[in-house]
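Colleague: Would you be able to build a 3D model of this:
(one chain, ligands or ions: 1)
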Amino acid sequence: MEILFLFIIGTIFGSFFGLLVDRIPAGESIIFGRSHCDSCNHILSFRDLIPLFYQLSSASLCRYCKSKIPLMNFILEFSVGLLFCLAWLNYLSLPQFLMSILSVILSAFDYRHHSFPFIIWLIFALSFIILFPSSLIFYSWLVLALLTEIFDFKIGSGDFLWFFTASFSISFFDEMKLLQIACLLGIIYYLMIKKRDEIAFIPFLTIAYLMLLFGHQILIR
Ligand SMILES: [Zn+2]
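Modeller: You can find the predicted model right below:
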């Protein structure tokens, strides 16, 4: 029963994160303003706001204008619910749980907008610095992020910021492993599905991060 309760709480958080992804880049308030369909602007009713249920019951179509609701909202709600349960079952340590949540949020932003709001990363980064021990090597990722901003490397500074926060939950060696996995996944995606324009890389880092965490878990147990 507790696990179901936690899953529901997680989906509510996931739903809120989806709202952040929709509203922050559009410059809309995240506190005021009723939730509405992005296509027809119809205000959503209470039952439309129940996480997961809305998309499951409406086959991912807006009830009012029948336009497609992005699957990303459903994935966000489900994955955050799942992460809450996994943390509760001790499959994730606190830094790993927080990093997984941050990764899921940044992935959604990166996928949708090819960037993410610096303030969201900063809130998590400061929490990591305050709550968990750090080493000087972690900060080398910040130097790389800064260099990327100054010189135009072909990789976004956001990816290096992601690595800085990941350092609090996995070793540098594991970070190198997950970078290789993420690159491989990115190349496969690029070749098989999307052959033009730039691809969002943080979703691949997130998948590789979770693969590595649960790969370790399976090996240990
Ligand atoms: Zn609509």
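Colleague: Model confidence at the closest residue to L19 other than its chain neighbours, what's the number?
Modeller: Nearest-residue entry for L19: I30, 6.3 Å, with adjacent residues in sequence omitted and distances by C-beta to C-beta, 6 or more residues apart in numbering. Yep, even glycine has a C-beta here, placed from its N, CA and C like the rest. At I30, the predicted lDDT confidence score is 83.
Colleague: what residues are up against I30?
Modeller: 19-20, 23-24 (C-beta atoms under 8 Å, 6 or more residues apart in numbering).
Colleague: run the last query once more with 10 Å
Modeller: With contacts defined as C-beta atoms under 10 Å, 6 or more residues apart in numbering, I30 is in contact with 16, 19-20, 22-24.
Colleague: Tell me the residues of this protein that contact the ion?
Modeller: Counting by C-beta under 5 Å from the ion, the chain comes close to the ion at 37, 39-40, 62, 64-65.
Colleague: One more pass at 8 Å, please.
Modeller: Counting by C-beta under 8 Å from the ion, the residues of the chain close to the ion are 37-42, 62-67.
Colleague: For the residues you listed, which two are the farthest from each other?
Modeller: Within those, N41 and K66 form the most distant pair, 14.4 Å apart (C-beta to C-beta).
Colleague: re earlier: weed out the non-buried ones from the residues of the chain next to the ion.
Modeller: Buried members of the residues of the chain next to the ion, scored by 16 or more other C-beta atoms under 10 Å, are 37, 62-64.
Colleague: tell me the SS of the residue nearest to L19?
Modeller: Using DSSP: H, G, I helix; E, B strand; the rest coil, the structure places I30 in coil.
Colleague: now do the one 4 residues further on
Modeller: Secondary structure of R34, reduced to three states by three-state DSSP: coil.
Colleague: lowest average confidence, helix or strand, in this protein?
Modeller: When each helix and strand of the chain is scored by mean pLDDT, DSSP states H and E, helix 53-57 comes last, with a mean of 83.
Colleague: And it, what does it pack against?
Modeller: Packed against helix 53-57 by the contact rule (3 or more C-beta pairs under 10 Å, 6 or more residues apart in numbering; DSSP states H and E) you find helix 71-88.
Colleague: tell me the mean pLDDT over the helix or strand that the helix it packs on is followed by?
Modeller: As assigned by DSSP states H and E, the chain's next helix or strand after helix 71-88 is helix 94-113. The average pLDDT within helix 94-113 is 96.
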